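> fold the stuff below for me.
(4 chains)
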Protein chains: 4
Amino acid sequence: MLLEKYLTTRKHTETLCNPLEIEDYVPQAVEFASPPRWHLAHVTWFFEELILKQYLHEYVEFHPGFNFLFNSYYRNAGERAIRSQRGIFTRPTVELVYEYRKHVDAHMKKLLSSPISDNVEYLVTLGVNHEQQHQELLITDLKYVLGLNPLFPPYDTDRNLVADKNTTDGWISIAEGLYEIGHKSDSFCYDNELGSHKVFLQDYQIASSLVTNGDYIEFMEDGGYDNFNYWLDEGWTWLSSNKINSPLYWHKVSGEWHYYTLAGLKPVDKEAMLAHVSYYEANAFAHWKNLRLPTEFEWEAACQQFDWGKRWEWTSSAYQAYPGFSIGEGAVGEYNGKFMVNQMVLRGASVATAKDHGRHTYRNFFHPQMQWQFSGLRLAK
Amino acid sequence: MLLEKYLTTRKHTETLCNPLEIEDYVPQAVEFASPPRWHLAHVTWFFEELILKQYLHEYVEFHPGFNFLFNSYYRNAGERAIRSQRGIFTRPTVELVYEYRKHVDAHMKKLLSSPISDNVEYLVTLGVNHEQQHQELLITDLKYVLGLNPLFPPYDTDRNLVADKNTTDGWISIAEGLYEIGHKSDSFCYDNELGSHKVFLQDYQIASSLVTNGDYIEFMEDGGYDNFNYWLDEGWTWLSSNKINSPLYWHKVSGEWHYYTLAGLKPVDKEAMLAHVSYYEANAFAHWKNLRLPTEFEWEAACQQFDWGKRWEWTSSAYQAYPGFSIGEGAVGEYNGKFMVNQMVLRGASVATAKDHGRHTYRNFFHPQMQWQFSGLRLAK
Amino acid sequence: MLLEKYLTTRKHTETLCNPLEIEDYVPQAVEFASPPRWHLAHVTWFFEELILKQYLHEYVEFHPGFNFLFNSYYRNAGERAIRSQRGIFTRPTVELVYEYRKHVDAHMKKLLSSPISDNVEYLVTLGVNHEQQHQELLITDLKYVLGLNPLFPPYDTDRNLVADKNTTDGWISIAEGLYEIGHKSDSFCYDNELGSHKVFLQDYQIASSLVTNGDYIEFMEDGGYDNFNYWLDEGWTWLSSNKINSPLYWHKVSGEWHYYTLAGLKPVDKEAMLAHVSYYEANAFAHWKNLRLPTEFEWEAACQQFDWGKRWEWTSSAYQAYPGFSIGEGAVGEYNGKFMVNQMVLRGASVATAKDHGRHTYRNFFHPQMQWQFSGLRLAK
Amino acid sequence: MLLEKYLTTRKHTETLCNPLEIEDYVPQAVEFASPPRWHLAHVTWFFEELILKQYLHEYVEFHPGFNFLFNSYYRNAGERAIRSQRGIFTRPTVELVYEYRKHVDAHMKKLLSSPISDNVEYLVTLGVNHEQQHQELLITDLKYVLGLNPLFPPYDTDRNLVADKNTTDGWISIAEGLYEIGHKSDSFCYDNELGSHKVFLQDYQIASSLVTNGDYIEFMEDGGYDNFNYWLDEGWTWLSSNKINSPLYWHKVSGEWHYYTLAGLKPVDKEAMLAHVSYYEANAFAHWKNLRLPTEFEWEAACQQFDWGKRWEWTSSAYQAYPGFSIGEGAVGEYNGKFMVNQMVLRGASVATAKDHGRHTYRNFFHPQMQWQFSGLRLAK
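Here you go, the predicted model:
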């Protein structure tokens, strides 16, 4: 069953690439967004480097240069290419990367056809979840590189990934008290969700539905991007020095707001959920409304009572360790803990998240200026 | 009595400047550390701009160019000089700045000799506290500019501001439960301390004493600055690109660690409390010890049981709003709220803090790479 | 005959691309080195924008977005993509760019099948020469992107473009006197070669042969990169901040110098001509030898007496206008004149230069830090 | 007589500082403009380091830290403070720097009271000329720091250093032929003027008078700063990224152009000579006029026939070595030669130049974007 999960996940990654031309696999438009070729190879490297090389007897690595090229940030796994250079290497060819995938898949099948230790099972599960994360990144990074192309090429004209508005409006009231936070069941989760613990929350209310494009246009038309009083100081600096005046991918065409979707450039749908805003924008919008963002604990304590899963939702919580958190040994320990500074937590999941990958304790995190995710917001008070 | 407090505070600022030469008042070595002339004028501007101009009948501003020059970051108070340029203006002369102080003091005396409204009382109290904060900054900024001078000129050979080690060692145990956090009494506090509220804490232990220079030298000698596993990812980048391999002001002279103190360059006192480390360093040290930093709530809940007040102590808490926090109107509202992102909380007070300025609910905050404060650390587990 | 020349040149560009994979066409490793896809399209854009759109009746542009994407720096031809972004666009596909070439070729054939004006003849000739320049750039830019790939992929294992040493050694003496400089015949040349004029030269001697890799290794082994006295001040800064300690593409492998050639990584051939040095390096080498580089006038006055054409040769002349130089109107006028500051002249031609493209009055020019051309040096005294 | 010259020069430097407040001596507004305190000390260091320490028996250096602090760029004289940090050191005090001057003067008197070698005579003469250069820099650097102060403090209300227009207009014609260029007499000159040599010039005409502020305003009002066709490519980039739209120190006040002069902010005098333009601006202005700048050789061959000496005049010549130029040994050899790249030659002298310091063979040189000198232009055709 783990093998099946492995194979399904691996196949799904390749299915996502079906609409691509060879050229789409290569460029890296910006340091934080990697090209599809790199994602395809990096997730494969994870299985090769952390599992096959350690646990499959007599495994021979596919190519001696790949560890250097496709390690992302694991310092314990040796030297690696600079992150900003993932798009400047013309080789290996895309074809060779697909061969690499086949080679690793064949050996993983071999490994998983015999009984495996708990540790290997954990690592394979981690690898599968890791690949699912990269499926999401593959889509969001691809949107970034296509979206800044002045030709606005569609990825797939049938998949715009626009999300309709929630059908329920209004506020959910939560009473003051102690709430249990964090992952408890035996199923897989990341180390940063562990350490189930109590948090005391004051009375609060949280919105049933997410902010829509139409809501946000009101903020924009009310001068939201021109009034520093709505903004965090670093947000205002970010906005000023990058000349930001709308969510990412928005363009005014003949007086009307349009946005690049994965199906091409389209008029903004006012009823659809807002996406591609930074924490600074989410926070400024809430401030303009005289409301606020929920903390990640408020979100988790209330999430059974509202729909979620189409947008990553910015919370007001900085990304920090739960009580009792500890960092594992070696490369696996570098997964989450070392990023616990200067980032904000997002909760939920998005239209680009792999189907069985989201869960209500999942903690995503990004720097406050990042807009390229399908990130929206839900208000609280 | 408010007048007396006002006058004492104003006088103390000038007393701190007694040992200075005119030249010491002018340069700004780095964007975050302002010159004494600027501090002297800026705290005065606060009283002039936010109080005298609004509430003293027929008050005439001292100089039409000073609002531009001595506003720090209050956007609601109009255009202001770029922060990095506080040291490039040769004028006004230091003498003129002292006249400015006299002028404002005379008018403040006049204002405070008649009955004043609650609002004015609040603003004057805020101004006094603001000036006390700048007394601390004046000392720390001055240390910075003197400390990077290759001549290592002393500020005052009788005041090194080195702090002896705490006399008590060991761990204080705190039981799991709900603790009241935040400012409650009627006395003055900043808006970021308000909103007294309950926080649930797990069982924890917190050290009676602060880490010493000797403790930290053990970390350094064990290769602490060479092993990325101890460091947050952004901390490692910071250390690598700035070639950091010791606390600020430390120099190895003939094989022995020395540090610049306000009394000049001295051998490091191993028994004294560590200072001038960044959050990254504090965190790495704790990691190396297999321990951690306390949260700001753990600190506040335990602080009656240990000595504090000589070092600002890094906590593991990001600087965020307390429940119910709201930002005031106008320039005064810009005091704290707009900085609530990407900064870490420090608790306590330091040898450079004005005597009646510290309190156990006080929340100081800096970016994680800042070393120039008298910042140390206390361990928790 | 112009048509034939046009077609031969166009075909040669595509022949150069024969060994490429699709992936090789896309990335831009550094701002100054453009990807093959861009070169293929840009030279085509030149014919379309400056000739077909103006002079072929009812010509319809191939694609409305291509003027923006493939204009290089001609401000008179409208807005254009930022130079550093030539490698971040995944589309148009390489296939579409080849179609673009076919489309323009078909229309150019049509235009050139009827009698054309002198102006159009001039522009077509300019366009052909422009494409030849880009053939050279295509090879040098490709070498750059392949050469920094840690896999060192060969472009063509049969074409390393290493150039053997000149067979003649020794010094050529030229007597003081007036020499005629600049282009005189009716054949094509760039505007910057025009204005044939007299220059007075003192007695001088110029080397028959170019500096070899072996010569340069002596300089390196004598500490050439460690002694600031050999270097121009800005050269020393360049070397220090970029950690340069060898010509471009050189790597020490097991104690022996190797270099990336278009046929892959090879041991450095000490008998071969040095290439890929900057002006700073050329100048420092000459200084170390107690000799100097020739001026571009000395080079031109002597060039009949030595072999040249395999390396662009750095001269000591800054790139400036000849007497009587004037800048043409419109986009064509932007070809050369606006670059006449902060660049140095190179004379000769290289192994990558199109066969009938070099001539003895040709003035190439680059910023002094550029190493990526097949640039070498000849000494003078 | 050399002693007298020495003493007069030294005294004049101090006279220039008479109008200064202590605060004026300290700040460095920008890397290229040093503070008066630094100039006062650096010229003194030159005498101490290169003469007294070598040639005065038993001379003891004034302060062990001064070689580090006041060496400018002489790598052969040891480690030195980073150029950008000349304004961040609060000490030594200005008073101590004046003592340093007295100390060195006393010892120089001693040295010069006995017979000295030719070499020492040369070095003293060089030191005197060096100090005269720094007198000019002291004034121009001081203007820079005062001129960007929003209070526009005057240096001396009686010395505005505005230069009246030349009284003679019209063109001087020079016939084609060989002209002798470079320094010939026995009097002092810099090494870059040596190597008297013949240059062949074509027929040309050069203007009798310099461009005035009024002329330049015409260019500005004709959209000179908005039309890229007038500009070198790097000039246009410079102008765009620095938002330049006038000469340095110009401000539009109530619709009229004003400029900061050393006597304070004044309306621009249209009859006065233009100053504070970069090479890019000078070149663009000439281009707009359909004229050009003269080469440095044209300037030198014609200069007997026009008035000069109030503005440094940009020429179209890059700063390069004369035939036969060679770099001296040691620190003195670093004076000129190592800057021969990326700079343009200015000829003449300015209102800020020491009286007997200018000569018609003098070659000043700056990077093309520099505006802070009293730099103007003379047209040629």
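> rest of the way, CA atoms for contacts and neighbours
Will do.
> now for chain A, the helix or strand with the poorest mean pLDDT.
Using mean pLDDT, DSSP states H and E, the weakest-scoring helix or strand in chain A turns out to be helix A:66-70, at a mean of 92.
> report all helices and strands that that one contacts.
helix A:36-47 (3 or more CA pairs under 8 Å, 6 or more residues apart in numbering or on different chains; DSSP states H and E).
> residues making contact with the helix or strand following the helix it packs on?
Scanning forward in sequence from helix A:36-47 by DSSP states H and E, the next helix or strand is helix A:53-55. Residues from elsewhere that reach helix A:53-55 (CA atoms under 8 Å, 6 or more residues apart in numbering or on different chains): A:59, A:60, A:61, A:120.
> residue C:153: which of those residues is nearest?
Top of the list for closeness to residue C:153, among the contacts of helix A:53-55 and by CA to CA, is residue A:61 at 19.3 Å.
> rewinding a little: ok now the least confident helix or strand of chain A, how far from the chain's centre?
Centroid separation for helix A:66-70 versus its chain: 23 Å, with CA atoms, centre = their mean, to the nearest Å.
> swap in stretch A:143-158?
Using CA atoms, centre = their mean, the mean C-alpha position of stretch A:143-158 is found 19 Å from that of the whole chain.
> what are the buried residues along that stretch?
Buried positions in stretch A:143-158, judged by neighbour count with 16 or more other CA atoms under 10 Å in any protein chain shown: A:143, A:144, A:145, A:146, A:147, A:148, A:149, A:151, A:152, A:153, A:154, A:155.
> what's the answer for stretch A:175-191, then?
A:178, A:179, A:181, A:182, A:183, A:189, A:191.
> narrow these to those in strands?
Counting by DSSP state E, the part of those found in strands is A:178, A:179, A:181.
> just to revisit the earlier point, among the buried residues of stretch A:175-191, which are within reach of chain B?
residue A:178 (CA under 8 Å from any CA of the partner chain).
> for residue B:159, state which of the buried residues of stretch A:175-191 is nearest.
Of these, the one sitting nearest to residue B:159 (CA to CA) turns out to be residue A:191, at 48.0 Å.
> quick one: that closest one and residue A:324, what's the gap?
Distance, residue A:191 to residue A:324, using CA to CA, to the nearest Å: 11 Å.
> alongside chain C, which residues does the stretch 51-200 of chain A contribute?
Within reach of chain C by CA under 8 Å from any CA, the stretch 51-200 of chain A has these residues: A:65, A:85, A:87-91, A:93-94, A:145-146, A:148-151, A:153.
> one more time with 6 Å, if that's ok
Residues of the stretch 51-200 of chain A found near chain C (CA under 6 Å from any CA of the partner chain) are A:88, A:89, A:90, A:149.
> circling back to that earlier point, kindly reformat the ones in strands among the buried residues of stretch A:175-191 as TSV containing pLDDT.
Compiled in TSV, those are given as follows (pLDDT from 0 to 100):
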residue	pLDDT
A:178	98
A:179	98
A:181	97
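> same question for stretch A:203-213, mean pLDDT?
Average pLDDT, stretch A:203-213: 97.
> could you list the buried residues of it?
By 16+ other CA under 10 Å, the buried positions in stretch A:203-213 come out as A:204, A:205, A:206, A:207, A:208, A:209, A:210, A:211, A:212, A:213.
> quick one: contacts for the last one?
Taking CA atoms under 6 Å, 6 or more residues apart in numbering or on different chains, we find residue A:213 in contact with A:270, A:272, A:273, A:274.
> got the buried residues for stretch A:2-13?
A:3, A:6, A:9, A:10, A:13.
> before we move on, back to that, among the buried residues of stretch A:175-191, which are in reach of chain D?
Applying CA under 6 Å from any CA to the buried residues of stretch A:175-191, none is adjacent to chain D.
> of the buried residues of stretch A:175-191, which is the nearest to chain D?
residue A:191 (46.7 Å; CA to the nearest CA).
> can you tell me how far the closest one is from chain B?
Counting by CA to the nearest CA, to the nearest Å, the gap from residue A:191 to chain B is 16 Å.
> which residues sit in contact with that residue?
No contacts exist for residue A:191 under CA under 6 Å, 6+ apart.
> coming back round to it: please narrow the residues of the stretch 51-200 of chain A next to chain C to those residing in strands.
Using DSSP E, none of those sit in strands.
> from those residues, which is closest to residue D:127?
Nearest to residue D:127 among these, with distances taken as CA to CA, is residue A:88, at 52.6 Å.
> confidence score at the closest one?
Listed pLDDT for residue A:88 reads 88.
> about what we covered before: and the buried residues of stretch A:2-13, which two are the farthest apart?
A:3 and A:13 (15.6 Å).
> rewinding a little: secondary structure, distance to residue D:283 and pLDDT for the buried residues of stretch A:2-13 - can I get that in CSV?
What follows is these, written out as CSV (DSSP: H, G, I helix; E, B strand; the rest coil; distance: CA to CA, whole Å; pLDDT from 0 to 100):
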residue, secondary structure, distance to residue D:283, pLDDT
A:3, helix, 72, 96
A:6, helix, 67, 98
A:9, helix, 63, 98
A:10, helix, 62, 98
A:13, helix, 58, 98
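> which among these gets closest to chain C?
Nearest to chain C among the buried residues of stretch A:2-13, with distances taken as CA to the nearest CA, is residue A:13, at 19.5 Å.
> picking that back up, which ones among the contacts of helix A:53-55 map onto helices?
residue A:120 (DSSP state H).
> now the buried members of the contacts of helix A:53-55.
A:61, A:120.
> if we can go back for a sec, want to throw the buried residues of stretch A:143-158 into CSV with distance to residue A:72?
Shown next, in CSV, are these (distance: CA to CA, whole Å):
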residue, distance to residue A:72
A:143, 21
A:144, 19
A:145, 19
A:146, 23
A:147, 24
A:148, 24
A:149, 26
A:151, 30
A:152, 29
A:153, 28
A:154, 28
A:155, 25
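> which of those lies closest to residue B:78?
residue A:148 (36.6 Å).
> and that closest one, how far from chain B?
28 Å.
> the residue of the stretch 151-300 of chain A found nearest chain D: which element?
Across the stretch 151-300 of chain A, the shortest distance to chain D (CA to the nearest CA) belongs to residue A:241, at 13.1 Å. Using DSSP H and E, residue A:241 sits within helix A:233-242.
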